[in-house]
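A.B. asks: any chance you can model this:
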Amino acid sequence: MVRPSHRREMARKAVAAGRCNIRLACQTFSISETCYRYQAKLKHENAVIAGWLLRLTNNQPNWGFGLRYLYLRNVKGFR
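C.D. replies: Predicted coordinates for the structure are as follows:
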């Protein structure tokens, strides 16, 4: 089974190569046109949170993810 993100990339390659149009590529790879046009909106805050998680992993190796999550949410104020 192929993930939708991989099917989206295959459809984009088919359209870019000029083999078919968007509608036909979406039907062929079983994705919606909305999925084909989707663009992730990355926020700067995600990179900051990832940095904090890595620091907490190094500084507090005995904490699990749940405790790290609660620390960032309740102490540092991330949503």
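
A.B. asks: secondary structure class for the residue nearest in space to the middle of the chain?
C.D. replies: The chain has residue 40 as the residue nearest its centroid, 7.0 Å off, counting by Cα atoms, centre = their mean. Classification of residue 40 using DSSP: H, G, I helix; E, B strand; the rest coil returns coil.

A.B. asks: now do the longest helix anywhere in the chain: which elements does it pack against?
C.D. replies: In the chain, taking DSSP state H as the definition, the longest helix is helix 44-59. Other elements packing on helix 44-59 under the criterion 3 or more Cβ pairs under 8 Å, 6 or more residues apart in numbering; DSSP states H and E are helix 65-70. Placement of C-beta: from N, CA and C, glycine included.

A.B. asks: who's in contact with the helix it packs on?
C.D. replies: 53, 56-57, 60 (Cβ atoms under 8 Å, 6 or more residues apart in numbering).

A.B. asks: thinking again about what came up before, check what pLDDT the residue nearest to the centre of the chain gets.
C.D. replies: On the pLDDT scale, residue 40 is placed at 79.

A.B. asks: quick one, phi/psi of it?
C.D. replies: phi -70, psi 140 (degrees, to the nearest 10).

A.B. asks: is there a neighbour count for residue 29? I'd like the number.
C.D. replies: Residues near residue 29, counting by other Cβ atoms under 10 Å, number 19.

A.B. asks: that one: what's it in contact with?
C.D. replies: 7-8, 10-11, 14.

A.B. asks: of those residues - the most surrounded one?
C.D. replies: Result: residue 11 is most packed of these (other Cβ under 10 Å), 23 neighbours.

A.B. asks: who's the closest spatial neighbour of that one, skipping the chain neighbours?
C.D. replies: residue 25 (4.0 Å; Cβ to Cβ, 6 or more residues apart in numbering).

A.B. asks: mind checking how far the one you found is from residue 41?
C.D. replies: Separation of residue 25 from residue 41 (Cβ to Cβ, to the nearest Å): 23 Å.

A.B. asks: good, wrapping up.
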